[in-house]
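# Model the following, please.
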Amino acid sequence: MSRRGSIDLTTTVAGVRFPSCFMNAAGARCVTREELEALGRSRTGAIVTKSMTVEPRSGNPEPRYYGFPTGSINSMGLPNLGYLAYARIIPELRKFGKPIIASVAGFVEEDFVKIARVINESRPDLIEVNLSCPNVPGEPQIGYDAQASERLLAKVRKVVSVPMGVKLPPYFDPAHQEKMVGVLERGGVEFLSLINSVGNGLVVDPDRESVVIKPKGGFGGLGGSIIKPVALANVRAFWKLFGGRLPIIGTGGVCSGSDAFEHFLCGATAVQVGTTLVEEGMGAFERLEHELASLLEKKGYASVLACRGKLKEL
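A predicted model of the protein is given here:
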């Protein structure tokens with residue numbers, strides 16, 4: 001159990017107990033066996049795999065990641081070892097004694113089904129279906145197509161026996177969030193990861209008069225502090241739409257304990273860390289735990305779940 005003083009930082013998602021409310025976001029330092037094992041040895045509350053595809057992928061050409069003072073931009077292109085490699089690695093990660101979340105991606109519906117069927121047999125604790133990768137040239141984000149999302153989730157649900165969740169893109173219109181609620185309910189979704197990076201951003205280096213990453217002419221997904229308001233809005237909207245019934249893993253702009261606290265106030269049950277983990281390394285988890293515990297103690301909350309959804313409205 002992860003405690004800082006008298007503060008309980010454990011949490012539960014879809015019936016699975018997590019020793020800490022912090023974990024890596026799929027994509028951040030979780031591609032190789034070495035990175036996954038480093039996560040296992042760290043203070044993270046779970047090991048989240050890179051979103052996996054059928055075939056191994058080297059990803060987009062470099063430079064494909066760039067950090068700047070208020071966030072990051074990336075166009076990684078789903079570099080990963082391929083699902084068969086992760087199916088072999090996942091059972092070996094159990095030695096670390098923390099939950100394993102397998103992130104599943106694909107380019108067509110049958111990819112998701114093929115991967116999920118095999119990965120389910122490797123017995124991760126949860127499977128996260130990534131409907132929202134914004135950085136593969138020519139491939140749309142499935143999460144913006146409600147009908148395609150519903151069709152895909154129905155197929156994946158049939159081959160998955162462990163708790164299944166989805167990673168969604170940011171929605172900017174309440175109508176889209178409301179439409180997705182029915183899709184998620186009918187699809188048997190048991191948790192949400194909100195949000196993936198904000199796609200189609202552009203960062204310019206004025207000194208070089210140039211873009212900062214190579215793929216897609218410099219366009220890429222934004223992460224870090226700059227997207228926190230969008231992430232919080234989606235966490236809050238879905239928490240209210242589901243009446244607090246569905247666990248939400250908040251992702252986006254978690255750079256400090258205070259950022260995590262904001263996610264919990266909006267309705268998150270746990271949080272994932274992306275840009276901060278890439279920039280700071282595995283030590284980020286211990287720092288974030290300490291900062292959050294200190295803040296909760298100062299405010300009189302005994303646990304992370306004690307403040308969940310308590311955001312006040314004016």
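# and the residue lying closest to Leu192 once chain neighbours are set aside, what does it touch?
Nearest residue to Leu192 in three dimensions, chain neighbours excluded: Ile248, at 4.9 Å (C-beta to C-beta, 6 or more residues apart in numbering). In short, each C-beta sits where N, CA and C put it, glycine included. Neighbour list for Ile248: Phe191, Leu192, Ser193, Leu194, Val235, Phe238, Trp239, Gly267, Ala268, Thr269 [criterion: C-beta atoms under 8 Å, 6 or more residues apart in numbering].
# Now do the helices in the stretch 201-314 of the chain.
228-241, 257-266, 275-280, 283-299 (DSSP state H, counting those that start in this stretch).
# Count the neighbours of the residue lying closest to Phe261 once chain neighbours are set aside for me.
Spatially, and ignoring its direct neighbours in sequence, Phe261 is nearest to Leu295 (5.5 Å; C-beta to C-beta, 6+ apart). Using other C-beta atoms under 10 Å, Leu295 has 17 other residues around it.
# same thing with the one 4 residues further on?
Around Lys299 there are 10 other residues, counting by other C-beta under 10 Å.
# before we move on, the earlier item: in TSV: the helices of the stretch 201-314 of the chain, plus mean pLDDT.
Below are the helices of the stretch 201-314 of the chain laid out as TSV (pLDDT from 0 to 100):
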stretch	mean pLDDT
helix 228-241	98
helix 257-266	98
helix 275-280	98
helix 283-299	97
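# Show me the one of those that comes nearest Ile7.
Comparing the helices of the stretch 201-314 of the chain against Ile7 with C-beta to C-beta, the closest turns out to be helix 283-299 (4.2 Å).
# buried stuff in that closest one?
For helix 283-299, burial by neighbour count (16 or more other C-beta atoms under 10 Å) applies to Ala284, Phe285, Leu288, Glu289, Glu291, Leu292, Ala293, Leu295, Leu296.
# looking at the helices of the stretch 201-314 of the chain, which is closest to Leu311?
helix 257-266 (4.3 Å).
# Please point out which parts of that closest one sit buried.
Under 16+ other C-beta under 10 Å, the buried positions of helix 257-266 are Gly257, Asp259, Ala260, Phe261, Glu262, His263, Phe264, Leu265, Cys266.
# wait, doesn't Val162 sit right on Arg123?
Yes: if you go by C-beta atoms under 8 Å, Val162 and Arg123 touch, sitting 6.9 Å apart.
# Of these two, give the one with the bigger neighbour count.
In this view Val162 and Arg123 are compared by other C-beta under 10 Å, and Val162 has more residues nearby, 19 against 13.
# what secondary structure does that one sit in?
Under DSSP: H, G, I helix; E, B strand; the rest coil, Val162 falls in the coil class.
# For it, list the residues it contacts.
Asn120, Arg123, Pro124, Asp125, Leu126, Ile127.
# if I read this right, the last one contacts Ala105, doesn't it?
Spelled out, it's Ile127. No: Ile127 is beyond contact range of Ala105, at 11.4 Å (criterion: C-beta under 8 Å).
# Could I have the CA atoms of stretch 278-289 written out in PDB?
The C-alpha trace of stretch 278-289 is given here as PDB (Å, rounded to 0.1, in the frame of the first residue of the first chain):
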ATOM      1  CA  VAL A 278       9.600  11.400 -20.400                       C
ATOM      2  CA  GLU A 279      11.300  14.500 -19.200                       C
ATOM      3  CA  GLU A 280      12.100  13.500 -15.600                       C
ATOM      4  CA  GLY A 281      12.400   9.800 -15.600                       C
ATOM      5  CA  MET A 282      11.100   7.200 -13.100                       C
ATOM      6  CA  GLY A 283      11.900   9.400 -10.100                       C
ATOM      7  CA  ALA A 284       8.800  11.500 -11.100                       C
ATOM      8  CA  PHE A 285       6.500   9.000  -9.400                       C
ATOM      9  CA  GLU A 286       8.000   9.400  -5.900                       C
ATOM     10  CA  ARG A 287       8.000  13.200  -6.200                       C
ATOM     11  CA  LEU A 288       4.400  13.300  -7.400                       C
ATOM     12  CA  GLU A 289       3.300  11.000  -4.500                       C
END
